[in-house]
Every structure is written in structure tokens, then in C-alpha cells.
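> can't give you the sequence, but here's the structure:
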């Protein structure tokens, strides 16, 4: 499955939520905690294990080219139930855990075929202000949703979480 997404910084969460609800968007979950670790991987690829409540997701992402600027990743996931055993499995297969991980809370809405998510970093990255992510299966629809929420295409970034963190370190 392909993951297509953009990130938008410097947001007003309450105004965006009001707009989402006016457009008919539905709350999927609120303030759910995510804990992710990453493994060394070749350029343009990501190997991640993420705890999402009781569920653990092992994920491999391979970056694909975008025609419009959104971030597109070919994504393969396996769901398990044990975070530490999943880490040990990948380490036993020769993968090296990178320094640090990311812990965050997420609030997620569904609007049309897109997920609209508010991410707030915790712990050592708590200096990063809450930001918006719009994810879907069609780049044009993602940009249409962004526009309905009051953002233009230039505000839609194809960044990963590390780029967001680096942006706010400055």
C-alpha cells in the first residue's frame, strides 16, 4: 500500500477541528500515544516499530517519487503484540537500532478518503509545536483537503518527522 502525506506546521488546532467538523469529518481517536523506534536502513527507506496502544506495527517504507510534491512511501506492515520482542527480532536479523526514538500523542479525524492528524511530540522533542498531517490515497485529494482547511500547497511539506524536528531545533 502507498502512504501519501503532507505535513503542515504553525497551525491553530481548534480552528482546524471546527472546520473539519463543519465539513463532516469524524473523530477517530483523541490523544492516543505512539512510541516508535527506528533501525538503520538504506537511503530513501525506513524501518520502524511503533507501539499504537495495544498494537505493535513493524513497518518498512520505501520512498517513491511524487509528481506534485507530497511524500509518497510504499509501505509494508506486519502487526504483532509485543514491542520489545519485535525489536529483538529485527536485531537478531542483523538490523541496528538507531539512536533515540519518537514518542508522541496523536488525534485523528477522517474526512472523505483522508486522515487528518494532529501530532504532538513528547519527551526530548516536546519543543516541537503540534503539527498537522494529512494522509490519503490520492495527492490531489490531499491538497483539496488542505485548501478546505485554509492552507495552500506551499504550506504542505513532504517532510518526515526528523525534518520537522530539525526545523524547530534552529
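Right, received. Where do you want to start? This structure is a prediction, so every number in the text was calculated from the model and none was measured.
> Can you give me every residue that contacts the spatially most central residue of the chain?
When Cα atoms, centre = their mean is applied to the chain, the residue found nearest the centroid is residue 133 (6.5 Å). Taking Cβ atoms under 8 Å, 6 or more residues apart in numbering, we find residue 133 in contact with 5, 6, 7, 8, 115, 116, 117, 118, 119. In short, each C-beta sits where N, CA and C put it, glycine included.
> Tell me the spatial nearest neighbour of the fifth one, not counting adjacent residues.
For residue 115, ignoring the flanking residues on the chain, the nearest one in space by Cβ to Cβ, 6 or more residues apart in numbering is residue 135 at 4.7 Å.
> Now stretch 26-35: buried residues?
Neighbour counts over stretch 26-35 (16 or more other Cβ atoms under 10 Å) mark 34, 35 as buried.
> Provide the strand pairings for the host helix or strand of the residue nearest to the centre of the chain, with the direction of each partner.
For residue 133, the element it lies in under DSSP states H and E is strand 131-136. Under the criterion DSSP bridges, strand 131-136 sits next to strand 2-8 (antiparallel), strand 114-121 (antiparallel) in its sheet.
> Please name whichever of those strands is nearest to residue 170.
Taking Cβ to Cβ, strand 114-121 is the member of the strands paired with strand 131-136 nearest to residue 170, at 15.6 Å.
> who's in contact with the closest one?
Here strand 114-121 has contacts from 11, 13, 16, 20, 25, 28, 102-110, 127-128, 130-136, 141-142, 145, 149, 161, 165, using Cβ under 8 Å, 6+ apart.
> Mind checking the pLDDT average for it?
What strand 114-121 shows for mean pLDDT is 98.
> rewinding a little: can I get the strands paired with strand 131-136 in JSON lines with distance to residue 86 and mean neighbour count?
As requested, the strands paired with strand 131-136 are exported to JSON lines (distance: least, Cβ to Cβ, whole Å; neighbours: other Cβ atoms under 10 Å):
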{"stretch": "strand 2-8", "distance to residue 86": "20", "mean neighbour count": "20"}
{"stretch": "strand 114-121", "distance to residue 86": "22", "mean neighbour count": "20"}
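> so which of the ones you listed comes closest to residue 35?
Nearest to residue 35, of the strands paired with strand 131-136 and by Cβ to Cβ, is strand 114-121 at 11.7 Å.
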